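>>> Provided below for reference: sequence and predicted model.
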Amino acid sequence: MKDYIVRATAANGQIRAFAATTRNLVEEARGRHNTSPVATAALGRLMTAGVMMGIMMKGDKDLLTLQIRGDGPLGGITVTADSKGTVKGYVDNPMVLIPANAVGKLDVRGAVGRGTLTVIRDLGLKEPYVGTIDLPSGEIAEDLTYYFAISEQVPSTCGLGVLMNKEDATVKQAGGFIVQLMPGTEDAVIDKLESNLSGIMSVTSMLEAGDTPEQILNRLLGDMDLEILETMPVSFDCNCSWERVSRALISLGQKELQSLIQEGKPVELRCQFCNEAYTFTVEDLQEMLQVAMQ
């Protein structure tokens, strides 16, 4: 199945909802960063949330960044998404290995630990919108549910899941949903939604059962006049390039460039987000020095 998101409304516009299947983009991130299973699960959950939150923005150049900083062995997770369905991300310590949790599942909570979640929305204004909360759980979906309620005053529920293949530690399933109540939602609608939520399986269980994003939303909202508004493909995508990385090198300044040139050997830099390697010869560095001196 290709990765995609559906955007929908229900209860005559009192509810808006998003659901996504993201196995391919999470697997690409796993392959690029060589992440351990628990690191893949944590990164995949946040990337899935990020790509759904990204399409909530309207401007073509709007950017969303999600940052988790915890005291667990992962260290931190950073994800960036846009309004067009592309997302990228990385974890600080991708090779973390920790025991399973009490129910035998990947212990994302233990890997993340205690810390903060920061949401940055760059909408092209003078200053980006920044909201930060203390992590209530480290499970990511629960943390985002809490963030929406506290920082944006939007009652929400979020479900996220990543299932790994035990044989080769590749990604078997990944996806999620976000359901939000609009201002003035009737009590009867809230009660019905809560009743529906109490009966659903985990995200990965629904995906394993063959559910599409549309079917996931139908489980949640099918008896509440669900209306699918849009279907959008999503993917892992990084806009790094040799030119972008070279500008970063130039920004180091003349002294640092001269030091690199004196070492007399090529310099290799890797993009944090996609792990792509860029090599710069001594001649490249000399040209950059000339630019820095201008």
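Great, that's in hand.

>>> where exactly do the helices run in the stretch 51-200 of the chain?
With DSSP state H, counting those that start in this stretch as the criterion, the stretch 51-200 of the chain has helices at 108-112, 141-151, 187-198.

>>> okay, the ones you listed, which one's buried deepest?
helix 108-112 (a mean of 24; mean count of other Cβ atoms under 10 Å). For the C-beta atoms, the positions are set from N, CA and C on the backbone; glycine is no exception.

>>> helices and strands around that helix, which ones?
If contacts are counted by 3 or more Cβ pairs under 8 Å, 6 or more residues apart in numbering; DSSP states H and E, helix 108-112 sits against helix 37-54.

>>> show me how far stretch 72-81 is from its chain's centre.
Offset of stretch 72-81 from its chain centre (Cα atoms, centre = their mean, to the nearest Å): 9 Å.

>>> that stretch: end-to-end distance?
This stretch, stretch 72-81, spans 24 Å end to end (Cα to Cα, to the nearest Å).

>>> equivalent analysis for stretch 6-18, please.
With Cα to Cα applied, stretch 6-18 spans 6 Å between its terminal residues.

>>> for stretch 251-269, same thing?
This stretch, stretch 251-269, spans 14 Å end to end (Cα to Cα).

>>> just the residues contacting it, thanks.
Residues from elsewhere that reach stretch 251-269 (Cβ atoms under 8 Å, 6 or more residues apart in numbering): 245, 248-250, 277-282, 285-286, 288-289, 292-293.

>>> now render the helices of the stretch 51-200 of the chain as JSON lines, adding mean pLDDT and distance to Asp71.
Formatted as JSON lines, the helices of the stretch 51-200 of the chain follow (pLDDT from 0 to 100; distance: least, Cβ to Cβ, whole Å):
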{"stretch": "helix 108-112", "mean pLDDT": "95", "distance to Asp71": "9"}
{"stretch": "helix 141-151", "mean pLDDT": "95", "distance to Asp71": "14"}
{"stretch": "helix 187-198", "mean pLDDT": "94", "distance to Asp71": "31"}
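
>>> in a markdown table: the ones you listed, plus distance to Gly124.
Formatted as a markdown table, these follow (distance: least, Cβ to Cβ, whole Å):
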| stretch | distance to Gly124 |
| --- | --- |
| helix 108-112 | 31 |
| helix 141-151 | 20 |
| helix 187-198 | 34 |
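
>>> need the buried ones from the contacts of stretch 251-269 selected in ChimeraX.
Per 16 or more other Cβ atoms under 10 Å, the buried members of the contacts of stretch 251-269 correspond to this ChimeraX selection:
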select :245,249,250,278,280,285,288,289,292
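
>>> in helices, which of the contacts of stretch 251-269 fall?
245, 248-250, 282, 285-286, 288-289, 292 (DSSP state H).

>>> contacting residues for the residue nearest the centre of the chain?
Most central residue of the chain, judged by C-alpha distance to the mean C-alpha position with Cα atoms, centre = their mean, is Met47 at 1.9 Å. Residues near Met47 by Cβ under 8 Å, 6+ apart: 22, 25-26, 29, 79, 81, 87-89, 236.

>>> among the residues you listed, which one has the most neighbours?
Thr22 (33 neighbours; other Cβ atoms under 10 Å).

>>> so that residue sits against Gly50, correct?
No - Thr22 lies out of contact with Gly50 (Cβ atoms under 8 Å); the separation is 9.9 Å.

>>> from the ones in helices among the contacts of stretch 251-269, pick the one nearest Gly59.
Ala248 (25.3 Å; Cβ to Cβ).

>>> contacts only, for that closest one.
The contact partners of Ala248, taken as Cβ under 8 Å, 6+ apart, are Leu269.

>>> tell me how far it lies from Ala102.
44 Å (Cβ to Cβ, to the nearest Å).
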